[in-house]
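In: Coordinates only, no sequence provided:
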C-alpha cells in the first residue's frame, strides 16, 4: 500500500461546502506517483520513454470530505495482468473511508502504439504490494468500526 | 441527448500531448448543466435548495483527444430510478468517440440527509431524453464507421 | 476585442458560494484562444512550432462571480512590443465587471530558447484589435453605470 | 517564511512538457494554508466565520518547472496593513527560483460585507514572519548563485 497525505485546498471545496468530486481524480493521480516511479524511474514524459496509459477509472463517493483536515490517499494494487495493472485507491479522513475507486493502466509503447508485457523486475516490485479486494474490505470494515466513535465534521453543514 | 461544444485549452493537455484524463470529469460536469437545470431551475447551490448528489462516476478512455479541435460532449439519460438518475456521457472529436463514462446521481434532501423520490414533472422532462445502451451503441457504431475516413490528428504524435 | 461565453461549472464554486479565484486563469486562457490561433494557426503544441511563452499574469478581483449565470470573457490587446504582447482580460456577469487582469506573452523560439520579433502579418492582425487602457476604462465606466439598475444575485449569500 | 513541498502531478504538465502556468495559483493557495490557519484556526468556510478575501494576485514566470522533481513553495509576508496582508510566494525547484508572485488579501466581514481591522493577536503572529522585498532579493540572489552549478533538467526538452 502506498500512502499519501494531502491537505485540501479551499479551492477544492464547492458551494455545498464539501470537497468537489472533480478533485478526487487529481488526488488519486498524486497517490499513483510511487507506481509511476516504479514504471518510470527517469520521470521522462516523452513517447520514447513513458510507458503507462490510463484506460479506465471509476469513483464511488461514500461520504463527504471536508476542508480543514488532512486526507490520506491509500493506493493498492489489486490485479496484475500480462500488460495491465489495476489499482484500488481510497480517500480516508478522520478515520472514515470517504471515496474509493479503481483505475486500470496498460503498459504501453507510445512509439509503436501497442501494449507490451510488464517486465519481470517491475512485476516483482509490484507483486509485493498486491492485495485482494476481500482482504482489503475485511481490513477496512474493522478500521471503520474502530473509528465509529470519531465525531464527524458536521458543524460545516450549516 | 444534450450536446455541448468545448474548445480544449492548452492547459488541458499534458506532456504526452493529449488532453489529460483528469480534464474529462470537468467536461462531463459541463455536459450535465442542462440536467442540473431541470432539477434546479433556480441554480441555488445551498443545502435548502440543491437536490442532487453524485454517488458514482466512471470513465473509459478509448482514443486520445487533441488540442486545437473542438470536442462535442453528448449526455444521455440511460436509467431513471425512483430517486436516482444514470447518465452516459461521451466525448467526440473529429467524428470519433474518444471517451465515455457513466455517472449516477441521487435526488437528495441535504437538510434531512436522505434520498427523495424524483417528482413527476422532473421525471417527465427526463423521460423524453432517455435512450437504451443498446440503441446508443448501435447508433454510435454506424456514426463511427461513417467517419472512419476522417484522417486523425497524428502529426502531433512526434 | 475577443468575446467568449462560459457557463460556470458547479465545481468552479467554493464553500463561500462564489466562483473560486483559481478558476479565472483557466477562463482567461480560454479567452486567449483566438490570440493563440493568430500566432499558431496549426495549433501544433511542439517546440518546433509553438511560439508563445507566458511570462506574467495578474488578476484583480472586483466583485464576486456566481454559479447559475453565464459569464462573458473579454480579451483586449493593450500593447504590442517588438516581441511581446500584453492582453487585458475581463470577466463580466449580469452587466458588471467582476475580474480583470493583464497577461504578457513573448514571441519565442523554443528550440533556440530566445525571443523573436513578431512577424508583420501577425502584427497587422493584432493591431486591428488594439485599444488603450484609458479608452477601455471610459467605455467600461459607461457600461457599468447603465447596468447599475440590474439586481445582483444576492440571494446566494445566505 | 512558510515552506511547503509539492510533488508535481503528470496532469500538471502541458504539451510543452513543463508545468502549466495555471497550476501555480493552486500551488500558491496550498502555500497559504498556514496563513489561513492563523486567521481561521477553526477552518470554517462560512460567511459567519471565514474572514479573508483575495483581492489581487500576480505571477512572474522566470524559468520552466519540470515533472519528476519536487518543488518548494516559499510564502513570505511582505506587508501588513490595517486590514490587508500582502504575501510574496515563490516556486523553487533544483535550487533555482522559477516562479514568484504576490497576493493581497483583505480581512473581511462576509455578513456585513466590509473590511475589518486585523486583531492584535493575529497581527503579532504575522509580524514574526515579515520580510522586506530588498532583504528577500538579496537572500535569493546568493542562494541562486550558490546553486548555479546544479545541472538543470534539460533532457526533457527533446
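Out: Perfect, thanks for sending it. Computed from a prediction, not measured in an experiment: that's the story for all the values here.

In: List the buried residues of the longest strand anywhere in chain A.
Out: Scanning chain A for the longest strand, with DSSP state E as the assignment, gives strand A:96-109. Within strand A:96-109, the residues scored as buried using 16 or more other CB atoms under 10 Å in any protein chain shown are A:96-108. Backbone N, C-alpha and C define where each C-beta goes, glycine included.

In: remind me which residues of chain A are low pLDDT?
Out: A:153-158 (pLDDT under 70).

In: what about residue A:31, distance to residue C:136?
Out: 46 Å (CB to CB, to the nearest Å).

In: Over to residue A:9?
Out: Taking CB to CB, one finds residue A:9 at 33 Å from residue C:136.

In: Likewise for residue A:29?
Out: Separation of residue A:29 from residue C:136 (CB to CB): 40 Å.

In: Could you do residue A:71 as well?
Out: Taken as CB to CB, the span from residue A:71 to residue C:136 is 44 Å.

In: for residue A:39, same thing?
Out: For residue A:39, the distance to residue C:136 - CB to CB - is 51 Å.

In: do residue A:48 as well
Out: Taking CB to CB, one finds residue A:48 at 47 Å from residue C:136.

In: Next: residue A:86.
Out: 54 Å.

In: Tell me what angle whichever strand or helix holds residue A:135 forms with strand A:96-109.
Out: Per DSSP states H and E, residue A:135 falls inside helix A:133-146. Angle, helix A:133-146 to strand A:96-109, by axes from the mean of the first three to the mean of the last three CA atoms, to 10 degrees: 150 degrees.

In: I'd like to know which elements helix A:133-146 is packed against.
Out: Contacts defined by 3 or more CB pairs under 8 Å, 6 or more residues apart in numbering or on different chains; DSSP states H and E place helix A:133-146 against strand A:71-80, strand A:84-93, strand A:96-109.

In: Residue A:84: neighbour count?
Out: Residue A:84 sits with 17 neighbouring residues when counted by other CB atoms under 10 Å in any protein chain shown.

In: Would you confirm that it contacts residue A:106?
Out: Yes - counting by CB atoms under 8 Å, residue A:84 does reach residue A:106; the two are 5.3 Å apart.

In: what residues are shared contacts of these two?
Out: A:55, A:115 (CB atoms under 8 Å, 6 or more residues apart in numbering or on different chains).

In: how about the residue nearest to residue A:106 when sequence neighbours are not counted, what does it touch?
Out: Once flanking residues are discounted, residue A:106 sits nearest to residue A:53: 4.8 Å by CB to CB, 6 or more residues apart in numbering or on different chains. Neighbouring residues of residue A:53 by CB under 8 Å, 6+ apart: A:105-106, A:108, A:110, B:61.

In: What of residue A:134?
Out: Per CB under 8 Å, 6+ apart, neighbours of residue A:134: none.

In: Just say helix, strand or coil for residue A:125.
Out: helix (DSSP: H, G, I helix; E, B strand; the rest coil).

In: need the contact list for it.
Out: residue A:38.

In: now it: how far from residue D:142?
Out: 41 Å.

In: tell me the contacts of residue A:30?
Out: A:4, A:6, A:73, D:7, D:9.

In: Can you verify my assumption that the first one contacts residue A:32?
Out: No - counting by CB under 8 Å, residue A:4 stays clear of residue A:32, with 9.1 Å between them.

In: Return the residues of chain A in contact with chain C.
Out: Proximity of chain A to chain C, by CB under 8 Å from any CB of the partner chain, involves residues A:10-11, A:13-15, A:17, A:20-23, A:67, A:156.

In: ok, so of those, who is nearest residue A:77?
Out: Ranking the residues of chain A next to chain C by separation from residue A:77, with CB to CB as the measure, puts residue A:23 on top at 23.3 Å.

In: about what we covered before: residue A:9 and residue C:136 - which one has more neighbours?
Out: residue A:9 (20 against 17).

In: buried ones in stretch A:39-55?
Out: A:39-40, A:43-47, A:50-55.
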